[in-house]
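In: Build me a model:
(chains A and B, ligands or ions: 4)
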Amino acid sequence: MKEPAAGVRADPLRPEKARIIRIQPLPQGFKLFQVRFDDEQLNWEFDFKPGQFLMLSVIGVGEAPFAIASPPSRQGLLELCIHRAGRVTTALHRLKENAVIGIRGPYGNGYPIEAMQKSDVLLLAEGLYANALRPLLWYILDTRKDFGQVTLVMAVDSLPDLPLHDEFLSLLDREDITCRVCPSPAQAGAGAPSLIERVIAELRPQKVVGQNTYAVMAGEADHFPPLWDHLLQRGISKDKILFSLHRKMRCGIGKCGHCSIGYKHTCLDGPIFSYWDAQNLPEVI
Amino acid sequence: MDGFRFASSHANARLMAKDDRNRLLELLGSFGDLCGPVGMPGGAHRYQPVRKPSEIAPDCLRTLLPPKKILYPPTDELLEFTADGGFRTKEEATPGRRILFGLHPCDIHAVITLDQVFSGRYDEPRYFARRQRTAIVGTDCWPDEQCFCHSTKTDFVDKGFDLFLTDLGEQYFVRIGTAFGDDIVRAAGDLFRPVEPAAIDLYKERTNRRHAAFSHSVEMIDLPQIFELDYDSQIWENLGSKCFSCGSCSAVCPTCYCYDVFDQVNLDGRTGSRFRTWDSCLTNSFARVADGRNFRQERATRIKLRYYHKQIAFVEQYGRPSCVGCGRCIVACPAEISVIDVLNAIFREKVVR
Ligand SMILES: Cc1cc2nc3c(=O)[nH]c(=O)nc-3n(C[C@H](O)[C@H](O)[C@H](O)COP(=O)(O)OP(=O)(O)OC[C@H]3O[C@@H](n4cnc5c(N)ncnc54)[C@H](O)[C@@H]3O)c2cc1C
Ligand code: SF4
Ligand code: SF4
Ligand code: FES
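Out: Ligands and ions are numbered 1, 2, ... in the order given. Predicted structure coming up:
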């Protein structure tokens, strides 16, 4: 027989009881949920890195993974920016403030914030994906002195349709970040530059110190390659080009097998990958 | 402790007359709930709990489903929930001890693999609650044409069992692997005898003959490297066009562990449970996500994943492939896809692009 381990094993699959505190409807089928654990102590103990995710249960419906949209520098309350997609997210969008939910986590690797300190950071976003940068963006701004130059470049088709667009617009007035929101293309339809092409065009005149820069991109992974090429030309190393890769997830803890890419589990080894990691993974894109 | 020595160098081995097999099974039954291979009409065997030790078919080579189904049931209740109270871990009702009889070396290696999978950064407490009260009594076997455990280096065990029985014809050579195995031996009265030198010769001879009895040899050493190089091989397309995506190969595999999760609400509408069920990476829905995108729409990419995960990803993660060469997936596949043929084809084929 196998020797029993000392003590009781905690159950990593058991969600903690939590509550929706506030719901803010956003454009494009998104809602911003503010949630808190019922156990007050947990709200202060829940420690995470920007880029990590949690598993949220709508009781009686099911569980799904969501990135934590607020930065760890703002403790006591978690924010989630959630798009209505299928069963779980539709049920979640129907819930009212004060509804009980389940939360477990945090999971995944998150951005390598220790390694990124003292470096310049380029944040690059394509359309609605800009939300994915939110926890890192605010973490950097909240601990601003730890980082070098910070530049945000995002391309959107219509700014009012961007969830949390006013928050992004507020950055234009700040002096500690260079924020470029690419305007809509002059001509629409066929032949118009894609969002990624517009990010690249806007990035071209920016000063980039290759060796000391991290580039963090948010967008549709299939669209990344031209941007990768551009970043490599600017002298950024492959292990400093970061993005998150999402796969179906059932457990978040490396057991259910659903989230694998090649030999990695995106729930343990990701969701944040560097270009260097990803180029050595089969079947990424 | 100066000069202290154990009485015999064979303290961890015994002999037992084969005729006493039922006495052994009775004895094992007194230590816990006995599980073993049971014959079914038509000649197949099922691994299951038994009421009477005599139900066990001790010479069975291969059960349809592996013993993993006892440690990791096909459907498992994970949690109970209430609408306003949150979630509670579901504990198994009967915390008795289980004795798993008749696991072959490949099966024992598979259990060791599951132990690794369910531990790591996060432990799976339901699996280990069962595992910690499970004893394993292994038996050796004689390979048929679907077995290739000598290629996967899982044809022999030196750990992972409480007792292990090797068939020497008239008698069993019994190895004792744990103190609990030793408890059983000491409770057995005259069932076991000390090992005599002639039996050791027989044991060696049996081991050599068995080793020579495998009809297949699969090259496994350079497999990871060849797999990487041959990632886009035509073989996967060919397999993809044969495979029915039925998922049988995953269900019967002693080391496949992927699962899906679903919630069920009770009739009161306020309480319910979360369950997990075995899943298979070969099914179309395995990697499909909310917007209808499927990361592995093509059958060929799914079957490739299965091989890639079992033969390569595992080496990366745990130092050996997860395939233990039991041959169950070969027997179960309605498309007659054989892991032996696939691996050999990957080695032999010229790279076609
Ligand atoms: C690491 C990670 C972070 C995420 N962060 C966010 C976020 O911040 N905001 C947001 O709106 N969405 C996010 N998603 C996507 C979100 O998990 C899916 O939209 C959600 O699972 C859909 O569930 P559903 O039941 O509504 O849809 P259904 O289609 O009914 O879902 C079926 C199941 O498939 C899985 N699934 C479906 N779609 C996806 C998907 N796109 N990605 C992963 N799994 C999926 C889920 O396990 C889900 O339970 C994230 C996904 C991952 C992997
Ligand atoms: S892949 Fe096939 S031969 Fe290998 S362990 Fe699984 S069922 Fe047995
Ligand atoms: S058992 Fe055969 S047909 Fe069924 S999924 Fe596996 S390889 Fe495909
Ligand atoms: S989500 Fe289950 S293994 Fe990653």
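In: Where does pLDDT dip in the chain?
Out: Going with chain A. A:1-9, A:183-190, A:282-285 (pLDDT under 70).
In: ah, I was thinking of chain B
Out: Within chain B, the ranges that satisfy pLDDT under 70 run B:1-10, B:93-95, B:221-232, B:287-297, B:349-353.
In: How about the contacts made by the closest residue to ligand 2 within the stretch 101-250 of chain A?
Out: Closest residue of the stretch 101-250 of chain A to ligand 2, CB to the nearest ligand atom: A:Arg250 (21.1 Å). (C-beta placed from N, C-alpha, C; glycine too.) Going by CB atoms under 8 Å, 6 or more residues apart in numbering or on different chains, A:Arg250 touches A:Glu63, A:Cys256, A:His258, A:Cys259, B:Tyr259, B:Asp260, B:Val261.
In: quick check, nearest of those residues to ligand 3?
Out: Closest to ligand 3 out of those is B:Asp260 (15.7 Å), distances taken as CB to the nearest ligand atom.
In: gap between that closest one and A:His223?
Out: Distance of B:Asp260 to A:His223, given as CB to CB, to the nearest Å: 30 Å.
In: ok so the residue of the stretch 101-250 of chain A closest to ligand 2 is a strand residue?
Out: No: assigned with DSSP: H, G, I helix; E, B strand; the rest coil, A:Arg250 falls outside any strand and is coil.
In: what's the nearest residue to it if we skip its chain neighbours?
Out: Spatial nearest neighbour of A:Arg250, excluding adjacent residues (CB to CB, 6 or more residues apart in numbering or on different chains): A:Cys256 at 3.9 Å.
In: Identify the residues contacting the one you found.
Out: For A:Cys256, the contact set (CB under 8 Å, 6+ apart) comprises A:Met249, A:Arg250, B:Cys258, B:Tyr259, B:Asp260, B:Val261, B:Arg276, B:Asp279.
In: of those, closest to ligand 2?
Out: After measuring the contacts of A:Cys256 against ligand 2 - CB to the nearest ligand atom - the closest member comes out as B:Cys258, at 12.5 Å.
In: State the distance from the closest one to A:Val88.
Out: Distance of B:Cys258 to A:Val88, computed by CB to CB: 20 Å.
In: Kindly report the same for A:Thr143.
Out: Distance of A:Thr143 to A:Val88, given as CB to CB: 33 Å.
In: More neighbours: which of the two?
Out: Taking neighbours as other CB atoms under 10 Å in any protein chain shown, A:Thr143 and A:Val88 compare with A:Val88 leading, 21 against 14.
In: how about residue 139, phi and psi?
Out: Defaulting to chain A. Dihedral pair for A:Tyr139: phi -60, psi -50, per degrees, to the nearest 10.
In: switch to chain B, that's the one I care about
Out: With angles defined as degrees, to the nearest 10, B:Thr139 sits at phi -130, psi 150.
In: In this structure it contacts B:Phe161, no?
Out: No: assessed by CB atoms under 8 Å, B:Thr139 is found out of contact with B:Phe161, at 9.6 Å.
In: any shared contact partners between the two?
Out: Applying CB under 8 Å, 6+ apart, one finds that B:Thr139 and B:Phe161 are jointly contacted by B:Leu103.
In: For the stretch 101-250 of chain B, which segments are assigned as helices?
Out: Under the criterion DSSP state H, counting those that start in this stretch, the stretch 101-250 of chain B contains helices at B:105-117, B:125-132, B:179-187, B:197-212, B:223-229, B:234-242, B:248-252.
In: export the ones you listed to JSON lines and tack on distance to B:Arg306?
Out: Output for the helices of the stretch 101-250 of chain B, formatted as JSON lines (distance: least, CB to CB, whole Å):
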{"stretch": "helix B:105-117", "distance to B:Arg306": "15"}
{"stretch": "helix B:125-132", "distance to B:Arg306": "22"}
{"stretch": "helix B:179-187", "distance to B:Arg306": "35"}
{"stretch": "helix B:197-212", "distance to B:Arg306": "29"}
{"stretch": "helix B:223-229", "distance to B:Arg306": "12"}
{"stretch": "helix B:234-242", "distance to B:Arg306": "10"}
{"stretch": "helix B:248-252", "distance to B:Arg306": "7"}
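In: Same list, the ones you listed, but as CSV with mean neighbour count please.
Out: CSV is the format used below for the helices of the stretch 101-250 of chain B (neighbours: other CB atoms under 10 Å in any protein chain shown):
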stretch, mean neighbour count
helix B:105-117, 23
helix B:125-132, 19
helix B:179-187, 16
helix B:197-212, 13
helix B:223-229, 16
helix B:234-242, 17
helix B:248-252, 22
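In: Could you say which one of those helices comes nearest to ligand 1?
Out: Smallest distance to ligand 1 across the helices of the stretch 101-250 of chain B (CB to the nearest ligand atom): 18.7 Å, for helix B:248-252.
In: Check what contacts that closest one and list those residues.
Out: The contact list for helix B:248-252 (CB under 8 Å, 6+ apart) reads B:64-66, B:74, B:256, B:258, B:278-282, B:306, B:328-329, B:331-334, B:337.
In: run the last query once more with 7 Å
Out: Residues outside helix B:248-252 that contact it (CB atoms under 7 Å, 6 or more residues apart in numbering or on different chains) are B:64-66, B:256, B:258, B:278, B:280-282, B:328-329, B:332-334.
In: With just CA atoms, put it into PDB.
Out: Coordinates of each C-alpha in helix B:248-252 appear next as PDB, following Å, rounded to 0.1, in the frame of the first residue of the first chain:
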ATOM      1  CA  SER B 248     -12.200   3.200 -27.000                       C
ATOM      2  CA  CYS B 249      -8.400   3.400 -27.000                       C
ATOM      3  CA  SER B 250      -8.500   6.000 -24.300                       C
ATOM      4  CA  ALA B 251     -11.100   4.200 -22.200                       C
ATOM      5  CA  VAL B 252      -9.200   0.900 -22.100                       C
END
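In: Please see if that helix touches ligand 3.
Out: Yes: for a cut-off given as CB under 6 Å from any ligand atom, helix B:248-252 has contacts with ligand 3, namely B:Ser248, B:Cys249.
In: Please pull up the helix or strand immediately following that helix.
Out: strand B:259-265 (DSSP states H and E).
In: what packs against the following helix or strand past that next one?
Out: Following strand B:259-265 in sequence order, the next helix or strand is strand B:271-278 (DSSP H and E). Here strand B:271-278 touches strand B:75-82, strand B:259-265, going by 3 or more CB pairs under 7 Å, 6 or more residues apart in numbering or on different chains; DSSP states H and E.
In: for those, which one sits closest to ligand 1?
Out: So among these, strand B:259-265 is nearest, using CB to the nearest ligand atom, at 8.0 Å.
In: strands paired with the closest one, and their directions?
Out: Paired strands of strand B:259-265, with direction, are strand B:271-278 (antiparallel) (DSSP bridges).
In: Residues in contact with the partner strand: which ones?
Out: Contact with strand B:271-278 is made by A:60, B:74-82, B:90, B:251, B:259-266, as judged by CB under 7 Å, 6+ apart.
In: Work out for me the element the residue nearest to A:Arg250 sits within.
Out: Assigned by DSSP H and E, A:Cys256 falls within no helix or strand.
In: burial of the nearest residue to A:Gly235 once chain neighbours are set aside, as a residue count?
Out: Nearest residue to A:Gly235, sequence neighbours excluded (CB to CB, 6+ apart): A:Gly210, at 2.3 Å. Counted with other CB under 10 Å, the neighbours of A:Gly210 add up to 15.
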